[in-house]
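In: here is a sequence with its predicted model. Questions after.
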Amino acid sequence: MSILEVENLSISFNQYTDGLKQKNVNVISSLNVTLEEGEILAVVGASGSGKSLLAHAILGILPNNANISGTISYDGEILTAARQASLRGTEIALIPQSVNYLDPLMRVGNQVRNSVKVGDAVAAQRKVFERLRLKSGVENMYPFQLSGGMARRTLLSTAIVSGAKVIIADEPTPGLDPVVIKEALENFREFADNGCAVMLITHDIESALTIADKIAVFYAGTTVEIAPVENFNGDGEALRHPYSKALWRALPQNEFIPIPGSQPRPNNLPSGCLFAPRCPIATPECELAQPEMRELRNGRVRCIHAT
């Protein structure tokens, strides 16, 4: 069952140029994703493709110069700013990319305890710290005293104890050793198996494939494909979009074939299909309009040539 739906989300930012003139820079266009209860959706794509902005839009923490269109619904109701504020940290939890989200003036044990909504907060915090191999003395430390890996485990702890129905993990594993990465990923799988919906934003496709149910591929601020995890196999023949196939073949464990060209900048987007300038099967028709997302072979794709 769908618990969170993002439909035709577009985000732009007002920016000042020379002479105090303003311009509007579009960074996300017609983005669509759906989170299902009991499933993990991994969101992958190059830096600058809009992955973290999607998370911030869902939580309502974009800066004031952001312009948003489209709809975000949670549990069947539109997410207004007031509803986002009431659900943030309770029913929708973020494990942020930056450890700067930790309060520098509060001991980390207390920060985790503040996320406990039911039961003994101290016991819950100590149990999760033990589970994530954070020693007992860590609870009395301030964020500046933590290593990068310890800080990330602290952020992960807040989500584990929150009891949230939706967890958005934005690059949660950099800086962690392989054992802790494996345990963190297993925790996300456990969340989903207990009915939670998890969005895992990551560059690490290989790790995502070990726990995800579906993969959403982002490119230049939009979704180009959403596919079952089993489609990421072999030489990518089961994938639908040319970018998804090229991204899969570019991995070291596959053919390690680089994708010619580079992702366009938000202030210089091509007309029509955003991937067309780099696409080996592009035709003049691809330059006319950005394709709509459509259903295809138990997935979704934004490409007029996909079969």
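Out: All right, it came through fine. Here the structure is a predicted model, which is why all the values come from computation and not from measurement.

In: spatially central residue for the protein, please.
Out: To find the centre residue of the chain, average its C-alpha atoms and take the closest one (C-alpha atoms, centre = their mean): that gives Ile201, at 3.1 Å.

In: okay, now the unreliable bits of the stretch 151-300 of the chain?
Out: Counting by pLDDT under 70, the ranges of the stretch 151-300 of the chain that qualify are 175.

In: can you show me the helices along it?
Out: Ranges of helices in the stretch 151-300 of the chain, per DSSP state H, counting those that start in this stretch, are 178-193, 205-211, 242-249.

In: run through who's touching the second one.
Out: Under the criterion C-beta atoms under 8 Å, 6 or more residues apart in numbering, residues 40, 42, 44, 173, 181, 185-186, 188-189, 192, 200, 202, 215, 229, 232, 247-248, 251, 253 lie in contact with helix 205-211. Using the backbone N, CA and C atoms, a C-beta is placed for each residue, glycine as well.

In: buried ones among these?
Out: Neighbour counting by 16 or more other C-beta atoms under 10 Å classes 40, 42, 44, 173, 181, 185, 188-189, 192, 200, 202, 215, 229, 232, 247-248 among these as buried.

In: with respect to burial, which of the helices of the stretch 151-300 of the chain scores highest?
Out: Looking across the helices of the stretch 151-300 of the chain with neighbours counted as mean count of other C-beta atoms under 10 Å, the highest average goes to helix 242-249: a mean of 22.

In: which outside residues touch it?
Out: 44-45, 205, 217, 219, 224-225, 227, 232, 235-236, 239, 254-257, 259, 275, 278-281, 303, 305.

In: again, but for stretch 54-68
Out: Residues from elsewhere that reach stretch 54-68, judged by C-beta under 8 Å, 6+ apart: 4, 6, 9-15, 24, 28, 31, 33, 43, 53, 72, 79, 81, 84-85, 88, 92, 94, 168, 170, 199, 201, 218.

In: surely Asp170 meets Ala93?
Out: No - under the criterion of C-beta atoms under 8 Å, Asp170 is not in contact with Ala93, lying 11.3 Å apart.

In: who has more neighbours, these two?
Out: Set side by side, Asp170 and Ala93 give different neighbour counts by other C-beta atoms under 10 Å, the larger being at Ala93 (24 against 21).

In: hang on, the earlier thing: which of the contacts of stretch 54-68 fall in helices?
Out: Taking DSSP state H as the definition of helices, these contribute 53, 81, 84-85.

In: quick one on the thing from earlier: quick check, the residue nearest to the centre of the chain in contact with Ser49.
Out: No - at 10.2 Å, Ile201 does not count as touching Ser49 under the criterion of C-beta under 8 Å.

In: report the residue spans of the stretch 1-150 of the chain with pLDDT below the cut-off.
Out: Applying pLDDT under 70 to the stretch 1-150 of the chain flags residues 19.

In: ranges for the strands of the stretch 101-250 of the chain?
Out: In the stretch 101-250 of the chain, strands defined by DSSP state E, counting those that start in this stretch lie at 166-170, 197-201, 214-219, 222-228, listed in chain order.

In: now distance to Arg131 too, for those, in JSON lines please.
Out: Formatted as JSON lines, the entries for those read as follows, by distance: least, C-beta to C-beta, whole Å:
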{"stretch": "strand 166-170", "distance to Arg131": "16"}
{"stretch": "strand 197-201", "distance to Arg131": "17"}
{"stretch": "strand 214-219", "distance to Arg131": "27"}
{"stretch": "strand 222-228", "distance to Arg131": "30"}
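
In: Gln263 is nearest to which of those strands?
Out: Of all the strands of the stretch 101-250 of the chain, it is strand 214-219 that lies closest to Gln263, at 6.7 Å by C-beta to C-beta.

In: quick one on the thing from earlier: for Val116, which of the strands of the stretch 101-250 of the chain is the nearest?
Out: Proximity to Val116 (C-beta to C-beta) singles out strand 166-170 among these, at 15.2 Å.

In: could you list the paired strands of the closest one along with their orientation?
Out: strand 92-95 (parallel), strand 197-201 (parallel) (DSSP bridges).

In: turn the ones you listed into CSV, columns for distance to Arg113.
Out: Putting these into CSV (distance: least, C-beta to C-beta, whole Å) gives the following:
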stretch, distance to Arg113
strand 92-95, 15
strand 197-201, 23
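
In: all good on my end, thank you.
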